[in-house]
Each structure stands twice: as C-alpha cells, then as structure tokens.
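Engineer: Build me a model from this:
(2 chains)
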Amino acid sequence: MHEERFVEFSRVEQVFGSGKKSYHALANIDLHIAKGQFVSIIGHSGCGKSTLLNLVAGLAKPTSGSTIVGGKHVTGPGLDRAVVFQQHALLPWLSVEDNVRLGIDSRFPEKDRQWRIERARQYVEMVGLGAHAKKKPAEISGGMKQRAGIARAFAVDPTVLLLDEPFGALDALTRGIMQDELTKLWESDRKTVIMITHDVDEAVFLSDRIVLMTNGPAATIHSVLDVPMARPRDRETILDDKDYVHVRKELVHYLTATRHKEAA
Amino acid sequence: MLEMTRPMDDTMTKTKPASRPTRGSFPSEAVRERLASFLLPLLATALLCGLWLLYSHAPGVTLPGPDRVLSESKELILHPFYDHGSIDVGIGWQLLSSLKRVAMGYTLAVLVGVGLGLLIGSVKVLHQAFDPIFQVLRTIPPLAWLPIALATFNQAAPSAVFVIFITAVWPILLNTAAGVQNIPKDYTQVAQVYRVRGLRYFWLILLPATAPFLFTGLRIGIGLAWLAIVAAEMLTGGVGIGFFLWDCWNSGRLSDIFVAVASIGLVGLVLDRAVAGLGSFVGAKPA
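Structural biologist: Numbers count the residues shown, from 1 in each chain, chains lettered A, B, ... in the order given. Okay, here's the model as predicted:
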C-alpha cells in the first residue's frame, strides 16, 4: 500500500492570491503514483502542471488537501525530491562540475571533500559532459546545460525525480538524445519520476502512466492512461507497436478536443 | 593538354584569407577603426578648443582662451609636484590630498553601504521600514550635509570625509539591496531544493548574483564621491583641488582654473574606469 501510493495527492486545491485577484489553479486533485514509476503529466498551457510539480517539490503549499511522499507530508523542498528545472537553472559563475557538486555537498556533508568531488565527476561523466566539466554554463549548449541539470538531480540520490518540461527548449534531435540518456539513467536506478511535458511522443515513449489534465482555471485530472509497452523500448520499432499507436492516438485526440476550450 | 603531374604547389594552397577586404588599399578595416576612435575625439577636442579660442578673443570677454592658459599656467602644468610651502603646492599634491579624503570616505561608504544593503535587501521588514527614509536622505545634496557635519565634528577634515561618505553610501546601499531583491527565482529555488543555506548560500549564490548590481552602485558612488569632495573642499579650505579651484577664482588666476578643472575631470575619469575595471576583473558584468 505504501509502495502503491508512494506519491499521493489527496483532495488538493490550489488558489493563488485572494479576494478579487484570486486564481483557482487546481481543484480536487486526487492522484497516486507507485514507487519507481515514470509518470508524465500532460495538458495545455495554464493547466496547472507546474503547480502540481511544485507541490511535490515543496516549492508551493496547497491551499487545502495534502501531498504525501513516502508516507510523509510534504512541508517544504528537500533533497529527496530533486528538481530538474525548465530553464536549467545552473549557476553561471560555477563550472559544470561545481554546479553538480552543489547538491552533493548538501546531501553528503559527512563525507570528505575528495569523495564528493569524485561523485560529482562521476555524474558529469555519466551524462556525457566529462570533457566539459570545467566549463561555465555560458560556454556549453542548451542540451548540455540540461544534461548538467539532470546530473545535479541524480547526484543527490533522490527518492523522487521531478522534471519540469526539461527538454522543451531543445531542438527535436537533441530532445531524442536526451530522452534516451534519461531513460538509461533511470533504468539503472529506478527512482519515482514525475515529468511535465508538452510532447506527446515523449510522454508515451518514456512513461509508465500519463496523467491528462483539464484546462485551467480550476484544472483537475481528466484521466490517467496506462502505457503498457514493455521495456526497454526501442525508438525505431516502437512506432509500429499497437499500444504505442493507441495511447498516442488517445492523447492527440484529447489534446485536440480540449484545444478550443483553452484560454487565449 | 595540361596535366597535373604533381600536387598543387604551395603558392596555390597558401592563398590569402578571403576576409581581407578587396576594396580599399593600405589601412585594413581594423586599423581604420582604431584610427577613428583615436583621431575623432582629438578632432572634436581641437574643434572645441578652437571655438573657445575664438570666444576668448571676442571683444569684451575676459575669459582666457587656450593660448593664455598655456602661457600663464605653464608652471602649474609642467611642475605638478612643486612645493613652495604651506598650501602653495603643485596640482599633483592638491589632487593627492583630495584623493586621500575620497579614499577614506569611500571606503567607509563601501563597508556601510554593502553591509546594510545586503541586510536591507534580505530582510523584508527592514526594507519596508527603512527604504522610505533612505529615499528621502539620498536626495539631499552633499553640501547640505556640511553644516551638520561641521556642527558635529567641529573640524574641517572629518567633515569633508563625512560629506563624501554620506554622498557615496546611498547608491552603494540601494543598488546592493536591489541586487539582493533581484536574485532570479530560479537560483533561490535551486538553493531551496538542493539545500544551499547559510554561509554557503551567501558565498555561492547571494554574493555572486548581487555582484553586478553591487558594482553598478560602486561605480556611481565613486563618481558622486569625487563630485562631493571638490564642492566640500571649496568650503573647508586647506590643501585639496576643490579649495585650489576656489582660491584661483578668489585670486583672479583664471588660467589656473582651467588647469584645475581639466585635472578634476581627468582624475574623475580614471577613478570611474578603475572601479569599472575592478568589476570586470572580478567578473561582475554590468547589471
């Protein structure tokens, strides 16, 4: 039961502001995610996807209802729920490996410095940035910056990995490469992953389940689709897979049907 | 029929790079740019001096032109470090004396301004409490502080330093506070999620993120400090370029005034560039 409902949203409501300027972002969110599952959240802009992620991350508090991770209420941010930000959010004055080490120093303060430096190196190499470890973020490409952000998140050995449209700013080719890298990292260490994405193919290819959200205001969960395809998933053969086609169709249908209702 | 019996020889592979402009002969684009940036200001200065010369020779004008300045103030220009005793010293000494006061007042302004700025920017309650007061105080012209300073310290020297301090501290304080408040939300979220707190947050995130704003404040501050010292010295007397300037006027040495003014301008420029240079050395890009 604990493992089935590892991440749980229970009757969550989120209202921003107050009085006349209030915005009802989320209404009646009930969702549970099993441990080690890869779940995508998809929906049109303004449907509160980021708000939902922020609630798990602890960067926002729900107006009512509760968010529970691993049996404990979420009261604030923490290293057990690492975030990969949409705009990479690397510190521009630190090198790639120093950026990755930032979280490591917080997570493993009892270990000696050399161990922590080594661990940062390890994860930098793991995402293929070994040759760029000493460079500053301004000297590397967008895809590399996101890889650094992913390395930073994995390096703190979180229980839950939260990704906020991590590949949205990347071109299609880089996106494909990054998806494969993420999958590779995840499969070697099955963390619970919640990812926000706009990309239908990405959602189907990567996830075990996909959460469809309605449009805001007062956005809620429309449905949750299961993605039954076996792993590992081959990018080339998947296009012929029955389940892939079916789930994808459902997603596109849903997103198209809800499109005209979204706020301008 | 021509046959290439051997590989193309060196003269064909070592062609000049295509980036060299084919139009225009001797001076390349880069050299021309550099000449322009050097010659054009020179020409403009010559033009202005020419106008000044013409004006000074107009009927009824007592203002000395560049010709009179150069002839009458020769000693002043050529011997900046002469010492004829008491306050009759070369312009170099006058400037150094002023710079000493600026150094003291400015250092104080930096310590107080950065310290308080970081505090005010970080603690919302303090900002709400003190910002309105600061906004009022910073509009007070430096000279208006002089009577208060003199009444407090009863001496010219500390009063002058105080005037510099009170002038330079506001841009430093307010810009630093603004820097703290403008730390991008991304960085604060990174700090929250990845648990970067306390001293680590200060050194790794707060200070570097605030640096561009901080240096903008420092740069504005040094400019204002230099302005303030000239004005303050006019009133306090002693050795210093401000008082020297005022003394020239009172003694009717009009040509010397121009030399003094030119030196004030040049030193001001040097100070500004020095702070800007420090900023880029530290890596703080302008805000």
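
Engineer: which stretch of helix or strand covers residue A:149?
Structural biologist: Assigned by DSSP states H and E, residue A:149 belongs to helix A:142-155.

Engineer: How is residue A:41 classified with respect to secondary structure?
Structural biologist: When classified by DSSP: H, G, I helix; E, B strand; the rest coil, residue A:41 comes out as strand.

Engineer: ranges for the helices of the stretch 51-200 of chain A?
Structural biologist: A:96-107, A:113-126, A:142-155, A:172-188, A:200-206 (DSSP state H, counting those that start in this stretch).

Engineer: still on that earlier bit, briefly note if the helix holding residue A:149 comes near chain B.
Structural biologist: Yes. Helix A:142-155 is in contact with chain B by CB under 8 Å from any CB of the partner chain, via residue A:152. To be clear about C-beta, it is placed using only N, CA and C from the backbone, and glycine gets the same treatment.

Engineer: Buried residues, that helix. List them.
Structural biologist: In terms of neighbour count (16 or more other CB atoms under 10 Å in any protein chain shown), helix A:142-155 has its buried residues at A:143-155.

Engineer: Let's test this: mean pLDDT of that helix, rounded?
Structural biologist: The average pLDDT for helix A:142-155 rounds to 91.

Engineer: C-alpha coordinates for that helix, CSV please?
Structural biologist: What follows is helix A:142-155, C-alpha atoms only, in CSV (Å, rounded to 0.1, in the frame of the first residue of the first chain):
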residue,chain,number,x,y,z
GLY,A,142,21.4,24.2,-24.2
GLY,A,143,21.3,20.4,-24.3
MET,A,144,24.5,20.2,-22.3
LYS,A,145,23.1,22.6,-19.7
GLN,A,146,20.0,20.4,-19.3
ARG,A,147,22.3,17.4,-19.0
ALA,A,148,24.1,19.1,-16.2
GLY,A,149,20.8,19.8,-14.5
ILE,A,150,19.9,16.1,-14.8
ALA,A,151,23.3,15.1,-13.4
ARG,A,152,22.8,17.5,-10.5
ALA,A,153,19.4,16.0,-9.7
PHE,A,154,20.6,12.4,-10.0
ALA,A,155,23.8,13.0,-8.0
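
Engineer: what helices or strands is it leaning on?
Structural biologist: Applying 3 or more CB pairs under 8 Å, 6 or more residues apart in numbering or on different chains; DSSP states H and E, one finds that helix A:142-155 contacts strand A:81-84, helix A:96-107, helix A:113-126, strand A:160-164, helix A:172-188.

Engineer: quick check: angle from that helix to strand A:160-164?
Structural biologist: 160 degrees (axes from the mean of the first three to the mean of the last three CA atoms, to 10 degrees).

Engineer: Okay, angle between helix A:142-155 and helix A:96-107 too, please.
Structural biologist: Going by the same axes, to 10 degrees, helix A:142-155 makes 20 degrees with helix A:96-107.

Engineer: now helix A:142-155, how far from the centre of its chain.
Structural biologist: Per CA atoms, centre = their mean, to the nearest Å, the displacement of helix A:142-155 from the mean C-alpha position of its chain is 12 Å.

Engineer: now the angle from that helix to helix A:113-126?
Structural biologist: Inter-element angle recorded for helix A:142-155 and helix A:113-126: 130 degrees (by the same axes, to 10 degrees).

Engineer: where does residue A:130 land on pLDDT?
Structural biologist: 92.

Engineer: Would you check how far apart it and residue A:152 are?
Structural biologist: 15 Å (CB to CB, to the nearest Å).

Engineer: just residue A:237 next, same as before
Structural biologist: 33 Å.

Engineer: just residue B:207 next, same as before
Structural biologist: Residue B:207 is 21 Å from residue A:152, by CB to CB.

Engineer: and the stretch 151-264 of chain A, which of its residues are near chain B?
Structural biologist: A:152, A:156.

Engineer: In the stretch 151-264 of chain A, which residue sits nearest chain B?
Structural biologist: Closest approach of the stretch 151-264 of chain A to chain B (CB to the nearest CB) occurs at residue A:156, with a separation of 6.8 Å.

Engineer: Could you report the neighbour count for residue 61?
Structural biologist: Here I'm looking at chain A. Using other CB atoms under 10 Å in any protein chain shown, residue A:61 has 12 neighbouring residues.

Engineer: my bad, the chain I had in mind was chain B
Structural biologist: 11.

Engineer: For it, list the residues it contacts.
Structural biologist: When contacts are counted by CB atoms under 8 Å, 6 or more residues apart in numbering or on different chains, residue B:61 touches residue B:55.

Engineer: ditto for residue A:128
Structural biologist: Counting by CB under 8 Å, 6+ apart, residue A:128 has contacts A:147, A:181.

Engineer: Next one: it from residue B:80, what distance?
Structural biologist: From residue A:128 to residue B:80 the distance is 62 Å (CB to CB).

Engineer: Using the record's domain definitions, break chain A down for me.
Structural biologist: Domain segmentation of chain A under automatic domain parsing yields A:7-80+A:158-259, A:92-155.

Engineer: which of the ones you listed has the lowest average pLDDT?
Structural biologist: Looking at the domains of chain A, the weakest mean confidence is domain A:7-80+A:158-259, a mean of 88.

Engineer: what's the span of that one, first residue to last?
Structural biologist: End-to-end distance of domain A:7-80+A:158-259 (CA to CA, to the nearest Å): 29 Å.

Engineer: what's the answer for stretch A:205-213, then?
Structural biologist: 19 Å.

Engineer: Can you tell me what sits against that stretch?
Structural biologist: Contacts for stretch A:205-213 (CB under 8 Å, 6+ apart): A:31, A:33, A:37-43, A:47-49, A:52, A:179, A:182-183, A:195, A:203-204, A:219-227, A:233, A:235, A:238, A:244, A:247, A:251, A:254.

Engineer: number of nearby residues for residue 181?
Structural biologist: Went with chain A since none was named. 18.

Engineer: I was after chain B.
Structural biologist: Neighbour tally, residue B:181, other CB under 10 Å: 14.

Engineer: just the helices and strands packed on helix A:142-155: most buried one?
Structural biologist: When you average the neighbours per residue for each of the helices and strands packed on helix A:142-155 (mean count of other CB atoms under 10 Å in any protein chain shown), strand A:81-84 leads with a mean of 27.

Engineer: Can you check the pLDDT for residue A:2?
Structural biologist: Reported pLDDT for residue A:2: 60.

Engineer: Kindly report the residues of chain B close to chain A.
Structural biologist: So chain B meets chain A at B:186-187, B:189-190, B:192-196, B:200, B:204-205, B:208, B:283 (CB under 8 Å from any CB).

Engineer: Neighbours of residue B:30, how many?
Structural biologist: 8.

Engineer: Which helix or which strand is home to it?
Structural biologist: helix B:29-56.

Engineer: buried ones in that helix?
Structural biologist: B:52, B:56.

Engineer: That helix packs against which elements?
Structural biologist: By 3+ CB pairs under 8 Å, 6+ apart, helix B:29-56 packs against helix B:66-72.

Engineer: got the buried residues for the helix or strand that comes right after the helix it packs on?
Structural biologist: Once the chain leaves helix B:66-72, the next helix or strand it forms, by DSSP H and E, is helix B:74-78. Going by neighbour count (16+ other CB under 10 Å), the buried part of helix B:74-78 is B:76-77.

Engineer: Provide the contact partners of stretch B:266-274 at residue level.
Structural biologist: By CB under 8 Å, 6+ apart, stretch B:266-274 touches B:95, B:99, B:102, B:219, B:222-223, B:226-227, B:241.

Engineer: how far does that stretch sit from the chain's center?
Structural biologist: Counting by CA atoms, centre = their mean, stretch B:266-274 comes out at 4 Å from the chain centroid.
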